[in-house]
Each structure stands twice: as C-alpha cells, then as structure tokens.
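# After the sequence you'll find the predicted model.
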Amino acid sequence: MTFLNFLISGISLGSIYAIIALGYTMVYGIAKMLNFAHGDVIMVGSYICFFAVSRYEMPLLAGVVLAMAVCTVLGIVVERLAYKPLRQAPSLAVLITAIGVSYFLQNAAQLLWTSSPKVFPNAFVIKSVDSQGVETVKTGIQLFDGQLNISYVTLVTIAACVIIMAGLTLFTTYTKMGKAMRACSEDKGAAQLMGINVNGTISMTFAIGSALAAIAGVLLCSAYPTLVPTTGSMPGIKAFTAAVFGGIGSIPGALLGGILLGIIQIFTQAYISTQLADAVVFAVLIVVLLVKPAGLLGKQIREKV
Amino acid sequence: MMKKKFFALMMAMVMVLSLAACGGDSGTTDTPDSTDAPENTGTEATGAAFKLGGTGPLTGGAAIYGNAAKNGAQIAVDEINAMGGIQFELKYEDDTHDAEKAVNAYNALKDWGMQISLGSVTSKPCEATSAETYADRVFALTPSASSTGTIEGKDNMFQMCFMDPNQGTASAQYIADKGLGAKIAVIWKNDDPYSKGIHDTFIAKAAELGLQVVSDTTFADGNDTDFSVQLSDAQSNGADLVFLPMYYQPASLILAQANSKGYTPKWFGVDGMDGILTMDGFDTALAEGVMLLTPFNADSTDERTAAFVAKYQEQFGEIPNQFAADAYDCVYAYKQALEAAGATPDMSAEELCDLMIAQFTSMTFDGLTGESMTWDASGAVSKSPKGMVIENGAYVGLD
C-alpha cells in the first residue's frame, strides 16, 4: 500500500512537471528556442490567479481564465520585444536573452508583489455540511479505509495534462495554424516561400505556450501552495529536464518525461535515500541521453554531410 | 528600420533594468583594493554618530527575517538617539539570503563608512560576511545568524542568538524534560548549514537522553515541494512528535501536506519557524499546537518588552518576532559596550574592533531576549531559550 501511495505521489508531482514541460517542448519544437522564462510566466500566472481568487473573490475558473489572458498577452509582448529582434541572431544570443527575461520577470514580481510568501488557496476541495452544521472539507479521495489518498488536484492535473496533450497533438496535426507551425519548425525559409506568416506563427506559439503556463501555474500552486517570485524557476528547470528526458520537441514525450521524472524522484527518496533524490534523477537522465541522445520519444535527425 | 532600432533600445533597457534589479548593489564590488578601507572609514565618518551597518534578506524568501531585524534595530537606534549621548547611524543592505550578494552588500556598507557591523541576519550569508569582517578587522555582532561557521575561528565575530548546536541540544533537552514525545521524527534540509547544524546536535543529544528517533529524512532546494515520502516515513514508523529544524516556508508546506494526509503528530520547531503566522493567506489553524524554542516572547508582561512590542506594532503594523528583538538587543549591547569603553565616533573601525572585543568578553548584558547574557571568547552567547506554543493563531509561552 505504501508503494501505491508513493506511486501516486510520484505521478502527482510528475504530472505538474509534465504540464510545465508541455509549454517548453511546444515552444522548442516550433520556434527552436529554449524559453527559459517559461517558469517565470508560470509564476506570473499564479500571482494573477492568487489575487483574483483571494483578493477579489472571483471563482477559480474566472481566475484561471484571467491568468491565461494575462499570460498570453505577456507571452506575446515578451516575444515581440525580446525574441523577435533576435530572429536572425545565433541561438546562443536568444538563450541568454531568455535568461535575462526570466530574471526581469522575477525581479519585477518582487517589486510589484513583494517577496513575502503568499499561500495559494486550494480550490480543489469539496465542502460538505453534516446534520450538526459541522463543515468538513475534503481535499481528496480516500481508498481502502484511508490508506490510499489521492488528492483532487492530482486528478485534475493528470486530466488536464492528457487533455492538453491530446488537444495540442490534434491542433498541430489537423488545423491550418498547426500545419503552419509544423512547417515553420521544419524550415522557416521554405515555409515563408509557401506564403506562411512565420512571425505570426511564432507569436501564436508563444501565446499558446504562455496560456498553458498559466494553467500549469494554478495547478502547481494548488498542489504546493507557497507562492514567491521564484516559485516558477526550480520547477521550470525540472520540467525542462523532463522535456529533454522525454525528447524535446515531442508533445507525448513531455508527458512521459514529466511523469517518469516525478516517479523516479519520489521512489529514490522513498527507497534509496532522501538525500540522493536529485543525484539519482540526473544520473538516470545522463544514462538515457547516452543510450538515446534524442530523449525517449525524440526524433533522431540525421545530419547530412 | 526605425522600428527595429526602437525595439533594440527597449531590449537593452529591459536587460539593464533586470540586471540592475537582480544585482542589487553589485556596482560596489569593484572598490579598488578594499583592504585599506578600514583606515579611511574613521576619518570619513561624519564624526557625530557611530556608523552601524548590517546585511539581511530584505527581499526574497527569507525577507520576513531581514525586515524584522532591520525594523527592530531601527527602533533601538531611534530610542538611543533620542536619549542624547551616544548617537548611531543605521544602514541595512539587502542580501536576499545569498552569500555572494551579502559580500557585495557588505562592500557597499564599507564604502559608506561602516565602523561597527551587525553582520548578516541569516546563517549562510553571515558565514560569508564574517570572513570579510574578520579580514578587515571590523567588529560584528549578528542578531540571528546562528550557525557555528559564523563565529568559528573569528575573534571579532559575536552572536546575539544562541548557536545552532545549542538550539539542537536545547530542543532535545526540552522534549525529554517535558516528556513531549516518545518516538521522534526529524525532517531537515541538507543543503542548509542552519538546518544541518541543529539536526546533527539534536540527534546526538537525543541519543544521550534516550529519546527514540524513529525517522530521519531530509530534502534540498530542488525538491522542497513534495514531502509525502518524509511524512509517510514518519507516520509509518509511528512518530508522535516531528522535529522541524528549518525556516517557516517549507514548514508551512509540511504542515499542509500532513493535514491533508490526516497525520497529526506534535510539531516542534526552532527559531526559523517564527514568522509562519504572518504569511499572507496561511491558514493559522494548520499551525495550531506547533511548539518552538525561541528566546523572545512577545506576550511577556516585562515592561521593556511590552514597550518594544507596542512601538513595533505602531510603526510596522505587526507583532515583532524574535529577530526584531535580537536586533534591538544588539544595538543596546553596542551602546553599553561603547559607553563602557569610552569610544568616540571618530575612531577607526580597527580601533573600535579591539575595544569591542575587550568589552564583549567581559560585560554582562540584560536585554529583551535574556537576562544577564555573557559572551565567551569564541563569540557565542549564553542565555536560556523559552518554549512557546501557537494557540489560536498567536504565540503563547509554554512555561
């Protein structure tokens, strides 16, 4: 039973990594750049939702929609101001810019919302009032006399992950915009010759990636409720690792990588040592990349010489 | 073309802004040859007041501590300046609980002409700045950096708080004396000298006292969100008391996750737990019954404490925690030592350093955080901690 409990903890942590990794992999797959500011867009989304829900008492769904709207605009603005002027620059310059944007967002958040931690309200609960008028708050499903505990946040996160993954796959396969995105990812120059608006397509990619970041932020903070301006950075890096693990650029790969990473982390803590969790996670990553350099589901692209 | 240039300009501004914001005071690191600065500081001082400087996390995850210490010290400085006699000029620089930034902040203070130092507020940065104050012969008295590394091998570095090992042994002693728990679990942060220091001595003392530690688990910076493994371990080993030597931010997550698992042991924290109640949006019901050892009790009926609490509440709108009280005590201890030594503000940092070492190793000081405190030559203070428990969202004395 403890094994099952750890497995569920692992999946629940992994699904959060997965949902963040989807944003990374989406932007990388299409724009061919690592958007290190993704983790900080998540943080901004969480703050927007936090203020909407706990200060202005909006329902959670409205908060999420508002956060998505703000993040979408933020994503487009960042792309316009910071990345678009560097479209022809070497990829290293864009990478450094992304790190700069990440620091900018963190420090801007610190100025705007101060650094003292906020506790994100857990909205994924079911409240019930019994006959004596005593209110009980359920945060999850208990199975086998309470030995197995699955929180609602976990269920919602996994469902959201699968829906988003399916949605993105369908979107890139069947819609016109999706096809344009795939064309841009293969060859920007050729896509332009075919009459595709490359800049517009890349902006669209950032818009979608940032809207996903807002959802990821709300789920991240509902599961692990402390919110500070650096909330997004560490999960962002872990999610990036997950994206590489699963094969960066591959949408199902992000999901697989994220969930495996979460499970490995929790199992290492549980069965090997709580001290070695990160060491083992990254050792596994190195082994996987040695055997499959493109990641678990990544496509091997042969360089023609 | 114009458009492109405009964007490039915007970009440059964004980058500069972000660098400036994250670097804090990094501009001062390029002070030419910092070793000869102490000689200059004395002559550069305005002459009327002692320049007192300190670094602390005024922003970042540990900001509650830095701001509390700064505010506490400010109240003491205002009081002392109003009395006439010795005058202080206080300046705090932000180190965001980061060792590298703390050294930058310290260099900024030295440029300003700091004569005596309040060290740093938290342990990791203070280990870095204390190496600098030692090399530059600037006397430092930290309100709250409690690790052994802070004072080890530095004759001019003193602490107002008790050292981590003392916190660990005192906690174990307290738990054993009061019979609070039979089976104990410890969850600690293995990349933090503060947490590790307390953990190591707690385990040693617990073994000596015959306390049974049934679960000993840890976490680090990258995996400080999910505590299900640590809590399961404690629960399945039947721990009825969980000792949390850490800061309040991870502690709040642990309390919340234990609550959703339905695990309700007794919780025992150390001084880093102080501040958990003032977190924005924190459900204080989760911290109900959490015990902690801290040298300061804001509910005390002691006249000076009550006056300090009232003043702090009036100026900053919250109940002061022990960091504020420690910093307040630091300033008063300086006042007492400077008066006894007959020091004048035109003395150089180096002269003051020798005088202060002589004073602090021989004097007895009464403050808010303890009566008749004394310091030994290593810089450690001797005073006794008080047990506190959180009841109805407020700290209440246990004894």
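Nice, thanks for sending it over.
# for the stretch 151-300 of chain B, what spans make up the strands?
For the stretch 151-300 of chain B, applying DSSP state E, counting those that start in this stretch gives strands covering B:157-159, B:183-189, B:212-219, B:241-244, B:266-269, B:291-294.
# Tell me which of those is the most buried.
strand B:157-159 (a mean of 28; mean count of other C-beta atoms under 10 Å in any protein chain shown). The C-beta positions use only the backbone N, C-alpha and C, and glycine is treated the same way.
# quick revisit: looking at the strands of the stretch 151-300 of chain B, spot the one closest to residue B:316.
strand B:291-294 (18.8 Å; C-beta to C-beta).
# Show me what the closest one pairs with in its sheet, parallel or antiparallel.
Note on strand B:291-294: by DSSP bridges, its sheet partners are strand B:266-269 (parallel), strand B:386-391 (antiparallel).
# What helices and strands are in contact with the helix or strand just after that strand?
Using DSSP states H and E, the helix or strand that follows strand B:291-294 in sequence is helix B:303-316. Using 3 or more C-beta pairs under 8 Å, 6 or more residues apart in numbering or on different chains; DSSP states H and E, the elements in contact with helix B:303-316 are helix B:63-83, helix B:322-341.
# Dump the ones you listed into CSV; add mean neighbour count and mean pLDDT as well.
Below are the helices and strands packed on helix B:303-316 laid out as CSV (neighbours: other C-beta atoms under 10 Å in any protein chain shown; pLDDT from 0 to 100):
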stretch, mean neighbour count, mean pLDDT
helix B:63-83, 22, 91
helix B:322-341, 26, 91
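# Let me know which of those is the nearest to chain A.
helix B:63-83 (4.4 Å; C-beta to the nearest C-beta).
# ok, and does that closest one reach over to chain A?
Yes - counting by C-beta under 8 Å from any C-beta of the partner chain, chain A has neighbours in helix B:63-83: B:63, B:64.
# okay, how far is it across stretch A:109-125, tip to tip?
Across stretch A:109-125, the terminal residues are separated by 28 Å (C-alpha to C-alpha, to the nearest Å).
# Would you mind listing the buried residues in that stretch?
A:109-110, A:113, A:115-125 (16 or more other C-beta atoms under 10 Å in any protein chain shown).
# Contacts for that stretch next, please.
A:40, A:43-44, A:46-47, A:50, A:53-54, A:60, A:137-139, A:151-153, A:156, A:221-222, A:225-229, B:21, B:59-61, B:63-64, B:249, B:252, B:278-283 (C-beta atoms under 8 Å, 6 or more residues apart in numbering or on different chains).
# repeat for stretch A:248-260
A:10-11, A:14-22, A:24-26, A:28-29, A:161-162, A:165, A:168-169, A:172, A:185, A:239, A:241-247, A:295-299.
# For stretch B:342-353, what is the distance to the chain centroid?
26 Å (C-alpha atoms, centre = their mean, to the nearest Å).
# where do the helices sit along the stretch 101-250 of chain A?
Taking DSSP state H, counting those that start in this stretch as the test, the helices found in the stretch 101-250 of chain A are A:152-174, A:176-186, A:188-193, A:198-223, A:233-246.
# Let me know which of the strands paired with strand B:291-294 is the nearest to residue B:113.
strand B:386-391 (37.8 Å).
# Provide the strand pairings for the helix or strand following that closest one, with the direction of each partner.
Once strand B:386-391 ends, the next helix or strand along the chain (criterion: DSSP H and E) is strand B:394-397. Sheet pairing here is set by DSSP bridges, and for strand B:394-397 it gives strand B:386-391 (antiparallel).
# contacting residues around the partner strand?
Outside strand B:386-391, the residues that reach it (C-beta under 8 Å, 6+ apart) are B:174, B:178, B:276-277, B:284, B:287-297, B:395-399.
# any idea of the angle that strand forms with helix B:322-341?
150 degrees (axes from the mean of the first three to the mean of the last three C-alpha atoms, to 10 degrees).
# Is the closest residue to residue B:273 other than its chain neighbours bridged to anything, and to what?
The shortest distance from residue B:273 to any non-neighbouring residue, by C-beta to C-beta, 6 or more residues apart in numbering or on different chains, is to residue B:292 (4.6 Å). In this entry, residue B:292 is beta-bridged to residue B:269, residue B:388, by DSSP bridges.
# Quick one: residues contacting residue B:292.
Residue B:292 neighbours (C-beta under 8 Å, 6+ apart): B:268, B:269, B:270, B:271, B:273, B:274, B:387, B:388, B:389, B:390.
# Name the secondary structure element that contains residue A:62.
helix A:60-78.
# Could you tell me the angle between that helix and helix A:198-223?
Going by the same axes, to 10 degrees, helix A:60-78 makes 140 degrees with helix A:198-223.
# For helix A:60-78, which outside residues touch it?
A:37, A:41, A:44-46, A:48-49, A:52-53, A:58, A:101, A:123, A:203, A:206-207, A:209-211, A:213-215, A:217-218.
# picking that back up, output the helices and strands packed on helix B:303-316 in TSV; the columns should cover distance to residue B:374.
Listed next are the helices and strands packed on helix B:303-316 as TSV, based on distance: least, C-beta to C-beta, whole Å:
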stretch	distance to residue B:374
helix B:63-83	20
helix B:322-341	11
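# For the stretch 251-399 of chain B, which residues are neighbours of chain A?
B:252, B:253, B:256, B:260, B:261, B:262, B:278, B:279, B:280, B:281, B:282, B:283.
# if you set the cut-off to 6 Å instead, what comes out?
With the criterion set to C-beta under 6 Å from any C-beta of the partner chain, the stretch 251-399 of chain B comes near chain A through B:260, B:261, B:279, B:280, B:281, B:282.
# Quick check: ChimeraX command selecting the buried ones in the residues you listed.
Buried subset of these, written as a ChimeraX selection, criterion 16+ other C-beta under 10 Å:
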select /B:260,261,279,281,282
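# I'd assumed residue B:241 was in contact with residue B:183.
No - counting by C-beta atoms under 6 Å, residue B:183 stays clear of residue B:241, with 7.3 Å between them.
# Let me see the domain layout of chain B.
B:48-162+B:304-384, B:165-294 (automatic domain parsing).
# Lowest average pLDDT across those?
Lowest mean pLDDT within those: domain B:165-294, at a mean of 86.
# Quick check: end-to-end length of it?
Termini of domain B:165-294 sit 14 Å apart (C-alpha to C-alpha).
# model confidence over stretch A:212-226, on average?
88.
# And for residue 57, the neighbour number?
You didn't say which chain, so I picked chain A. By other C-beta atoms under 10 Å in any protein chain shown, the residues close to residue A:57 number 9.
# look at chain B instead
For residue B:57, using other C-beta under 10 Å, the count is 26.
# wait, it sits on residue B:97?
Yes - in this structure, residue B:57 is within contact of residue B:97 by C-beta under 6 Å, at 4.0 Å.
# Next, the closest residue to residue A:95 other than its chain neighbours: phi, psi?
Leaving out its chain neighbours, the residue that sits closest to residue A:95 by C-beta to C-beta, 6+ apart is residue A:34, at 5.9 Å. Phi and psi for residue A:34, reported as degrees, to the nearest 10, are phi -90, psi 110.
# residues near residue A:34, how many?
19.
# what about it, distance to chain B?
18 Å (C-beta to the nearest C-beta, to the nearest Å).
# got a pLDDT number for that residue?
For residue A:34, the model assigns a pLDDT of 84.
# Next, find the distance separating it from residue A:243.
Distance of residue A:34 to residue A:243, given as C-beta to C-beta, to the nearest Å: 9 Å.
# do the same with residue A:61
From residue A:61 to residue A:243 the distance is 28 Å (C-beta to C-beta).
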